[in-house]
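Asks: I need the structure of the sequence given here:
(2 chains)
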Amino acid sequence: MKKENFIWAAAKIGLLGGVISIFLTLIGMVEVFDKRDVVEKIITLGMFLPVAVSFTAGFLASKRTSDLFGENKILFNLLSGLIAGLFTGLLLMFLVMFGTSVNLRAVFLNASPTLFKLLTFGKESGGETLLVLYGAVIGLIGGGFHLLPTMIRRPLTRAIFFLIFMALFSGLFRVVMINQGESASKLAKYLFGQTGMTLNGALIFFFGVVLVSVLWDSQGQKVQTRVATMPKSGQLTLRVLVILLIAYIALGLPLVSGPFIAQVIVIISLYILMGLGLNITLGFAGLLDLGFVAFYAIGAYTVGLLTSYGPFGLQHVSFWIAVPIAVLVAMMFGAILGLPVLGVRGDYLAIATLGFGEIVRLLAGSDFLAKFFGGPQGVIGIQKPCLGILEAFVKTDVPRVCGGIELAKPQDIYYLAVVSAILIAFIAWRLRESRLGRAWMAIREDEDVAEALGINLVQTKLLAYMLGAAFAGLGGAIFTVLVGSIFASSMQLIVSINVVALIIVGGMGSIPGVIVGAITLIGLPELLREVSEFRFLLYGTTLIIMMLAKPEGLWPSQSAKRELHHADADNVAAETA
Amino acid sequence: MRTSFGERLVDLAVSGFLWGFRILIVSVIVLGTFFTLQAGKYTGEQWIDFIVFGISQGSIYALIALGYTMVYGILRMINFAHGEIFMSGAFAAYFLATWLNTMGFIDSNPVLGLLLPILFAMIMSALIAMLVERIAYRPLREAPRLVPLISAIGASFFLQYTFRGFFGPGVYAYPPIAALDGEWTILGIHVLKVQVVVAVAAGIMMAILYAIVMFTKVGKAMRAVSENKDTAALMGIDVNRIIVMTFAVGAAMAGAAGVLYALIYRQVNFFMGFVPGVKAFTSAVLGGIGNIPGAMVGGIVLGIFESVGPSLFLEGLGIPRPYQLKDAIAYTMLVMILLFRPSGILGERLTTKKA
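Replies: Residues are numbered from 1 along each chain as shown, chains lettered A, B, ... in the order given. Alright, predicted model coming up:
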């Protein structure tokens, strides 16, 4: 390859990186994230973004150069990293120069003087040059990073990612640790500051991860083989221990975390519950249901109307009676709504169900049915569930005092949701290997073949759809008692999209995948207020990137992995043959 | 094949239920219409107003639906992000029109003041659609059907919230065009000027598109690719180029529709693409997806139904404030058409002519 080529390639990568930097800047991310620190007084999360872009551009350019030459040529690699970084910096500089001379704010809301001041490091003059210089230097470092041997590079990469992770969640860890008592509180204050990690904390985490990672790289193989060669009973104990540990954390966390985080955890658990439900419809049977929220709403309204002592309450029965009814009603509606549309093929189904979701929301919020559902005012005064011996049969017309244990706090509802989620996970797990589960998967893979094999398409699909609806109804029911009121306006399409997105990110058809997906997609934005402003942007990006790079999800089920990488495996086989 | 008694019973229940559903919908329409007309609350002129509004609204749906239908015809995928392309067109036009307005250009040149934003919107929409196709759809062309659909949902969210990030969550007011205020009297009927201009503009756009698809070489290539990609490639057609062209042309139509929408409602917002997008998709299905004249017919039919429906069908049944359920009518129509005639109004020709 010629020399001009690699410079041009590096420039292209740099320009692309610059465009991404400008995008992140104009969309407001840099400014919003600037309020949070990665390391206190050293670097804010906002400034970290362009740094990361320049670094990655330098790294990729250097990698590209190596590819072009077929080997590492240290000087050229560094040069290409420098060039790529330079271009990212240059583009940002143009943005700053353009933005300070023209009133860019008339179009782009975020192009504020504060932003430009931030980008020029608060300097009156010369800030732009500094920006380019920094870009180039960081690109150079990125280029150099590529040259490091894998042995050193991998632990460093892990440490950096871990650092970002810790920085994002430093607030959470801080609160949890401070609640733990004197010594833990002292440690928390040593490691984490108000808005990010302290320098000491960052250093400790960084070197800690590097150390562990190096150890794992050298010793990990041995540990793995030792576990694999352990006797059966030993492996089992190990697995039980891991599960117990996870259960301990999952059950104990809401108790120590304080009300705000407990609320977030409840929401995560609710989404896990609904994700498990939709996982049957979407993951097993391959029916993309964008009207999931309809059944969520039906479940919520059923419980609300049955238990509320507000103006729309009908029966004032106990929560424990109302929930099975809600699940059944949701299931029935699943059948009623499912029958007409299940004959149509996949992508039509998505839009048709989307229509259902909207119809339910419009009807519930309309004046037409306001005398039943409260219209835009919603249903209020919903009784909290109460645990007691004869509690299920209590029926009163006035707000009453709970005789047993009232599940009033978010933490209590969390346990309710966890128990339900475990129930659903169990059902889903048992169904997957059953005859029905196999029929669903056959339909997912190929409807025509499945039909030819004697599977009744409409019936089988309907069962999947009804089960999904039932679990959505359960989710809605629990959500209702958590909030204590229902409003039609909260039954937006976005709920359905949330659930679909978390399943896809976690891995379609995979039960642990749902949990991973819910924690990343629902938990992250709820915990990080800075991120929540961009949550749907991140959703969109995540969905596209997942589909492009990892359509089987973060924690795929075995069959999905096999299927989606079938082609790759074939290619590899062809190449090696 | 031998089936058990139970299975036959279930089949019977299913078909019985479906028939019940059809009868219910038809009786709602018939009874509602009957009672409304009997009550005589609206005059003939008011009905005509409803219909004219329905046509102008429907022609916007039709313009958007073209993009859905063309992409579906070629790639067999629902371009979920198409509504956002429509929104981006409206935004592009808004910024140009506001700028022109501050210079007084729109008042002195109302025709150019209308056409320039439309042209700009078409270009911007086409560019964005090409970018989306390149990044989010092209790599997934051979993947299972759900994969590109999910990617399209992702693209839709990405575009929506990119615009929200850039331009904020507020509602922008599209600058008024003085020449479009007021009414015309055509054949003794009073109609709002805006509505006529929108309907005519949409009609012209559709005619241009139809001419492109039917009478130009590119259009011929598009039809060939939608018929069979591999054979088209063997005939020396650059399939990738044609697919990109299809996206661009469809998006340009949606962009123009965005401007027309903004002209009627005077509002531009990052979320404005979703509802018209779903309705346009309904129009495309209504007319028979993959079928260009079908999309036009479907759009107009949906527009009229939606505008007349609440008063005609629902008010007679004693439903208060039926316009609240305007959107529900469109969604119900979508479900109905999937039930009664999944191939759409003009769907029959789909097998022979997949334009």
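Asks: In the stretch 201-350 of chain A, mark out all the helices, start to finish.
Replies: Listed in chain order, the helices of the stretch 201-350 of chain A (DSSP state H, counting those that start in this stretch) span A:232-257, A:259-278, A:292-307, A:319-341, A:346-365.
Asks: Quick check: buried residues in the fourth one?
Replies: Within helix A:319-341, the residues that count as buried by 16 or more other C-beta atoms under 10 Å in any protein chain shown are A:319-323, A:325-327, A:329-331, A:333-335, A:337-341. Heads up, the C-betas are built off the backbone N, CA and C, glycines and all.
Asks: quick one, it and helix A:259-278 angle?
Replies: 40 degrees (axes from the mean of the first three to the mean of the last three C-alpha atoms, to 10 degrees).
Asks: tilt between helix A:319-341 and helix A:346-365?
Replies: 130 degrees.
Asks: Helix A:319-341 vs chain B: in contact?
Replies: Yes. Using C-beta under 8 Å from any C-beta of the partner chain, helix A:319-341 reaches chain B at A:336, A:339, A:340, A:341.
Asks: Tell me the predicted confidence for the last one.
Replies: This points to residue A:341. We have a pLDDT of 72 for residue A:341.
Asks: My guess is it contacts residue A:354. True?
Replies: No. The criterion here is C-beta atoms under 8 Å, and residue A:341 misses it with residue A:354 at 10.7 Å.
Asks: of all the residues in the stretch 51-200 of chain B, which ones are close to chain A?
Replies: Counting by C-beta under 8 Å from any C-beta, the stretch 51-200 of chain B sits next to chain A at B:77-78, B:95, B:135-136, B:139-140, B:143, B:145-151, B:153-162, B:164-168.
Asks: So which of the residues you listed are in helices?
Replies: Among these, the ones falling in helices (DSSP state H) are B:95, B:146-151, B:153-162, B:164-167.
Asks: Make a ChimeraX selection of the buried ones in these.
Replies: Buried residues within these, by 16+ other C-beta under 10 Å, are selected in ChimeraX with:
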select /B:95,146,147,148,149,150,151,153,154,155,156,157,158,159,160,161,162,164,165,166,167
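Asks: just the strands in the chain please.
Replies: As the question left the chain open, I've gone with chain A. Assigned by DSSP state E, chain A shows strands spanning A:37-39, A:43-44, A:386-387, A:405-406.
Asks: you looked at the wrong chain, it should be chain B
Replies: B:172-173, B:183-186, B:189-192, B:267-268.
Asks: I'd like those strands laid out as a markdown table, including mean neighbour count and distance to residue B:241.
Replies: Shown next, in a markdown table, are the strands of chain B (neighbours: other C-beta atoms under 10 Å in any protein chain shown; distance: least, C-beta to C-beta, whole Å):
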| stretch | mean neighbour count | distance to residue B:241 |
| --- | --- | --- |
| strand B:172-173 | 16 | 35 |
| strand B:183-186 | 11 | 43 |
| strand B:189-192 | 16 | 42 |
| strand B:267-268 | 20 | 32 |
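Asks: To residue A:518, which of the ones you listed lies closest?
Replies: strand B:267-268 (34.9 Å; C-beta to C-beta).
Asks: got the contact list for the closest residue to residue A:184 other than its chain neighbours?
Replies: Spatial nearest neighbour of residue A:184, excluding adjacent residues (C-beta to C-beta, 6 or more residues apart in numbering or on different chains): residue A:177 at 4.6 Å. Counting by C-beta atoms under 8 Å, 6 or more residues apart in numbering or on different chains, residue A:177 makes contact with A:184, A:185, A:187, A:188, A:192.
Asks: The first one: neighbouring residues, count only.
Replies: Neighbour count of residue A:184, defined by other C-beta atoms under 10 Å in any protein chain shown: 13.
Asks: Same question for the third one.
Replies: Residue A:187 has 14 neighbouring residues, counting by other C-beta under 10 Å.
Asks: and it, what does it touch?
Replies: When contacts are counted by C-beta under 8 Å, 6+ apart, residue A:187 touches residue A:177.
Asks: Okay, now the unreliable bits of the stretch 251-400 of chain A?
Replies: A:256-258, A:309-316, A:343-347, A:368-371, A:374-376, A:381, A:386-400 (pLDDT under 70).
Asks: Tell me how far the residue positioned nearest the centre of chain B lies from chain A.
Replies: Most central in chain B under C-alpha atoms, centre = their mean is residue B:280, positioned 2.4 Å from the mean C-alpha point. From residue B:280 across to chain A, the span is 11 Å (C-beta to the nearest C-beta, to the nearest Å).
Asks: List the contacts of the closest residue to that residue other than its chain neighbours.
Replies: What sits nearest to residue B:280 in space, not counting adjacent residues and going by C-beta to C-beta, 6+ apart, is residue B:64, at 3.5 Å. Applying C-beta under 8 Å, 6+ apart to residue B:64 gives the contacts B:82, B:83, B:86, B:253, B:254, B:257, B:276, B:277, B:280, B:283, B:299.
Asks: switch the cut-off to 10 Å
Replies: Residues in contact with residue B:64 (C-beta atoms under 10 Å, 6 or more residues apart in numbering or on different chains) are B:82-83, B:85-86, B:89, B:202, B:250-251, B:253-258, B:261, B:273, B:276-277, B:279-281, B:283-284, B:295, B:299.
Asks: Just the pLDDT at residue 66, thanks.
Replies: Let's take chain A. For residue A:66, the model assigns a pLDDT of 79.
Asks: nope, chain B please
Replies: Confidence for residue B:66, expressed as pLDDT, is 88.
Asks: List the contacts of the nearest residue to residue B:106 once chain neighbours are set aside.
Replies: Nearest-residue entry for residue B:106: residue B:113, 3.4 Å, with adjacent residues in sequence omitted and distances by C-beta to C-beta, 6+ apart. Neighbouring residues of residue B:113 by C-beta under 10 Å, 6+ apart: B:96-97, B:100-101, B:104-107, B:175, B:177-180.
Asks: in terms of contact, does residue A:494 touch residue A:525 like I think?
Replies: No. The criterion here is C-beta atoms under 10 Å, and residue A:494 misses it with residue A:525 at 12.0 Å.
Asks: shared neighbours, those two?
Replies: Counting by C-beta under 10 Å, 6+ apart, the common neighbours of residue A:494 and residue A:525 are A:535, A:536, A:539.
Asks: for the residues you listed, which one is nearest residue A:94?
Replies: Of the shared contacts of residue A:494 and residue A:525, the one sitting nearest to residue A:94 (C-beta to C-beta) turns out to be residue A:536, at 28.9 Å.
Asks: Number of residues surrounding residue B:266?
Replies: Each residue near residue B:266 was counted by other C-beta under 10 Å, and the total is 14.
Asks: re the thing from before, what's the separation between the residue nearest to residue A:184 and chain B?
Replies: Using C-beta to the nearest C-beta, residue A:177 is found at 34 Å from chain B.
Asks: Pull the number of nearby residues for residue A:466.
Replies: Neighbours around residue A:466, by other C-beta under 10 Å: 22.
Asks: hang on, it packs against residue A:289?
Replies: No. Under the criterion of C-beta under 10 Å, residue A:466 is not in contact with residue A:289, lying 11.3 Å apart.
Asks: Could you name every residue contacting both of residue A:341 and residue A:354?
Replies: Common neighbours of residue A:341 and residue A:354 (C-beta under 10 Å, 6+ apart) are A:289, A:291, B:334.
Asks: contacting residues for residue B:43?
Replies: residue B:49.
Asks: Distance check, it against chain A.
Replies: 25 Å.
Asks: mind checking pLDDT for that residue?
Replies: pLDDT at residue B:43 comes out at 74.
Asks: How about residue B:325?
Replies: For residue B:325, the model assigns a pLDDT of 74.
Asks: hang on, it packs against residue B:28?
Replies: No. Residue B:325 lies out of contact with residue B:28 (C-beta under 10 Å); the separation is 11.6 Å.
Asks: Spell out which parts of the stretch 251-355 of chain B neighbour chain A.
Replies: Counting by C-beta under 10 Å from any C-beta of the partner chain, the residues of the stretch 251-355 of chain B lying close to chain A are B:274-275, B:278-279, B:281-282, B:284-285, B:289, B:314, B:317-340, B:342.
Asks: I would like a ChimeraX command selecting only the buried ones among the residues you listed, please.
Replies: Entered in ChimeraX, the line below selects the buried ones among those, by 16+ other C-beta under 10 Å:
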select /B:274,278,279,281,282,284,285,289,314,319,322,324,325,326,327,328,329,330,331,332,333,334,335,336,337,338,339
